[in-house]
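In: curious how this folds, go ahead:
(chains A and B, ligands or ions: 1)
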Amino acid sequence: MIKVLFFARLQDEAGTEALEAQKAGQTVQEIKAWLKEEYQLSSLDQAMAAVNEEFANNEDTLSDGDTIAFIPPVSGG
Amino acid sequence: MNDRYSRQILFPGIGADGQASLQTKHALILGAGALGSAAAETLVRAGVGELTIIDRDYVEWSNLPRQQLYGEKEAEAKMPKAVAAKERLQAIRSDAVIHSLVMDATAEKLEDIAPGLDILIDGSDNFDIRFILNDLSQKYRIPWVFGACAGSYGMSFTIVPGETPCLQCILPAIPSFSVTCETDGVIAPAVQMTSAYQTAEALKILSGRTEAVQTKLTLFDVWKNQHHAIQVGKTKKDTCPSCGTSPAYAHLAGADDTKMAVLCGRDTVQIRPETSRSYDFTYLETKLSRHGRVQKNPYLLSCALPDYRLVVFRDGRVLVHGTKKVEQAKAIYEKYFLS
Ligand SMILES: [Zn+2]
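Out: Numbering: from 1, shown residues only, chains lettered A, B, ... in the order given. Just a heads-up that it's a prediction; the model follows:
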């Protein structure tokens, strides 16, 4: 089981701040693809991903108990 | 007067030598909107010796809920933000040396002023300029403090050349989609929180306390009371085109080609003539007032046409409000300025 966190606009798009899923053993890329399909998260490709509060690459694999957070870039100022 | 900075000196992180250091430093504030206003005020009050403020826009009513240096007088007069900011900041501290530049922050202009700068503070609202800032920071070895916010959400990250990853390590390409104030709105506490992180970092760097610099990407949501700090150390790459072993600084090279720019989410196109030109405002006023109501101040002239609003700056830039289409803006520009 892994935990997924969404920030900013992604929370509104997904309709939730967090969810749990049986995705241990999958890569960040695979989890993104699944979330895009399941929650229609069009902007997920632009988002940065962090696993256990450390920046993650698309190729990184998640382990049981990991938390992955998706952080959309924000440009306003 | 003598105890003006006494509380900062008492603060152990800064101390007397840190305060003395601050007072000899020169900060660039790039963009004088919400984040730029907040950073400029904090740094001027803190005693930073010299500030250069660059902004291409003027004060509008929709700025007032969060752009703390401006009030109704400036919105009514459509004062350029850089000019209004300097006026307010000099009232706060008369001995601050403040340069205000009403212009586009092009790579070329930034390279001219970079050698004298000690820090770059991001007060901008788009990633094109942030990638220019990032290259500038690496090429001239000047720390820069990225900050951005929208809605109730914000983030900040400090980039120290030679030590931390750079913006391009974290974001390999300019995001084609990002959360902006125009699409998602924004509340002042998100600005203030972002600015608090940015200016705390600036005070550390300018007072010489580089060991205290935050190396994580900080992000938060002030409405939902969420707060995260993401480790980014492993994103630093030798192959990075900005901070790697053979940098290209591509954003400093090609960036000046943009003569037409759609202003971020604002239903506005900016047109910048190839060579900077200055208009005869009196002549322009006579000519344009046949088409719509004209308002002017020493820095800009604005004309309300039936479907668009034109704003002309002294440096020759024209903003066409009411369209996002470059071709349409160009046609309007040619009709009123080139014929
Ligand atoms: Zn880099």
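
In: how about the longest helix anywhere in chain B: buried residues?
Out: The helix that spans the most residues within chain B, counting by DSSP state H, is helix B:188-206. Within helix B:188-206, the residues that qualify as buried are B:190-206, counting by 16 or more other C-beta atoms under 10 Å in any protein chain shown. Bear in mind the C-beta positions are built from the backbone N, C-alpha and C, glycine included.

In: ok, stretch B:213-230 next?
Out: B:213-214, B:216-222, B:226, B:228, B:230.

In: how about residues contacting the helix or strand encompassing B:Q138?
Out: Here B:Q138, judged by DSSP states H and E, is contained in helix B:127-140. The contact list for helix B:127-140, computed with C-beta atoms under 8 Å, 6 or more residues apart in numbering or on different chains, reads A:73, A:75, B:30-31, B:105, B:107, B:110-111, B:114-115, B:117, B:120, B:122, B:124, B:142-144, B:146, B:159, B:161, B:166-168, B:171, B:174-175, B:178, B:242-243, B:247, B:249-252, B:255.

In: so what strands line up beside the following helix or strand past the longest helix of chain B?
Out: Later in the chain than helix B:188-206, the nearest helix or strand by DSSP H and E is strand B:217-221. According to DSSP bridges, strand B:217-221 forms sheet pairs with strand B:153-159 (antiparallel), strand B:226-230 (antiparallel).

In: my read is B:E74 is in a strand, agree?
Out: No: checked against DSSP: H, G, I helix; E, B strand; the rest coil, B:E74 lies outside a strand; its state is helix.

In: touching, it and B:A85? I think so.
Out: No: judged on C-beta atoms under 8 Å, B:E74 makes no contact with B:A85 at a distance of 9.3 Å.

In: distance between stretch B:114-122 and the chain's centre?
Out: 12 Å (C-alpha atoms, centre = their mean, to the nearest Å).

In: next, the buried residues of that stretch.
Out: Neighbour count says stretch B:114-122 has B:114, B:117-122 buried, by 16+ other C-beta under 10 Å.

In: can you give me the strands for chain B?
Out: B:26-30, B:50-55, B:97-102, B:119-122, B:144-150, B:153-159, B:217-221, B:226-230, B:260-263, B:268-271, B:293-296, B:300-304, B:309-313, B:318-321 (DSSP state E).

In: typed the wrong thing, it's chain A
Out: Using DSSP E, strands in chain A cover A:2-6, A:18-21, A:48-51, A:54-56, A:67-71.

In: and the contacts of the shortest one?
Out: Where contact means C-beta under 8 Å, 6+ apart, the residues beyond strand A:54-56 that reach it are A:28, A:48-50, A:68, B:170, B:217, B:230-232, B:234-235.

In: which among the residues you listed gets closest to B:S6?
Out: B:L217 (34.2 Å; C-beta to C-beta).

In: was I right about that closest one contacting B:M155?
Out: Yes: using C-beta under 8 Å, B:L217 makes contact with B:M155 at a distance of 6.4 Å.

In: OK, contacts around residue 13?
Out: Reading this off chain A. Here A:E13 is in contact with A:6, A:39-43 (criterion: C-beta under 8 Å, 6+ apart).

In: oops, I was thinking of chain B
Out: B:203-204, B:207, B:209, B:212.

In: list phi and psi for the residue nearest the centre of chain B.
Out: When C-alpha atoms, centre = their mean is applied to chain B, the residue found nearest the centroid is B:G31 (1.8 Å). With angles defined as degrees, to the nearest 10, B:G31 sits at phi 100, psi 130.

In: neighbours of residue 65, how many?
Out: Going with chain A. Neighbour count for A:G65, taken as other C-beta atoms under 10 Å in any protein chain shown: 10.

In: sorry, I should have been clearer: chain B.
Out: Neighbour tally, B:P65, other C-beta under 10 Å: 12.

In: which one is it nearest to, not counting chain neighbours?
Out: Among residues not flanking B:P65 along the chain, B:A188 sits closest, at 6.0 Å (C-beta to C-beta, 6 or more residues apart in numbering or on different chains).

In: please apply the same query to B:E72.
Out: Using C-beta to C-beta, 6+ apart, the closest residue to B:E72 is B:L64 (7.1 Å).

In: what of B:L101?
Out: B:L101 sits nearest to B:I54 (C-beta to C-beta, 6+ apart), 4.7 Å away.

In: OK, contacts around residue 73?
Out: Let's take chain A. A:46-48, B:127, B:148, B:171, B:175, B:177-179.

In: you looked at the wrong chain, it should be chain B
Out: B:M79.

In: hmm, 10 Å instead?
Out: B:59, B:79, B:84 (C-beta atoms under 10 Å, 6 or more residues apart in numbering or on different chains).

In: swap in B:D122?
Out: A:77, B:28-31, B:35-36, B:39, B:129-130, B:133-134, B:144-148, B:156-157, B:159, B:167, B:194, B:198.

In: equivalent analysis for A:A69, please.
Out: A:A69 touches A:3-7, A:10, A:18, A:47-53, A:56, B:219, B:228, B:230, counting by C-beta under 10 Å, 6+ apart.

In: tell me the contacts of residue 20?
Out: In the absence of a named chain, chain A is used. A:1-4, A:67.

In: other chain: chain B
Out: Going by C-beta under 10 Å, 6+ apart, B:A20 touches B:5, B:9, B:14, B:47, B:207-208.

In: which one among the residues you listed gets closest to the ion?
Out: The ion lies nearest to B:G208 out of these, by C-beta to the ion, at 24.5 Å.

In: and the residue nearest to B:F313 when sequence neighbours are not counted, how many neighbours?
Out: Once flanking residues are discounted, B:F313 sits nearest to B:L300: 5.0 Å by C-beta to C-beta, 6+ apart. B:L300: 24 surrounding residues under other C-beta under 10 Å.

In: equivalent analysis for A:N52, please.
Out: With other C-beta under 10 Å as criterion, A:N52 counts 15.

In: so what's it up against?
Out: A:3, A:62-63, A:65-69, B:230-231.

In: now it: how far from A:L62?
Out: With distances taken as C-beta to C-beta, to the nearest Å, A:N52 is found 9 Å from A:L62.

In: returning to that earlier point: and the buried ones among the contacts of A:E20, selectable in PyMOL?
Out: Those of the contacts of A:E20 that count as buried under 16+ other C-beta under 10 Å are selected in PyMOL with:
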select buried, chain A and resi 2+3+4
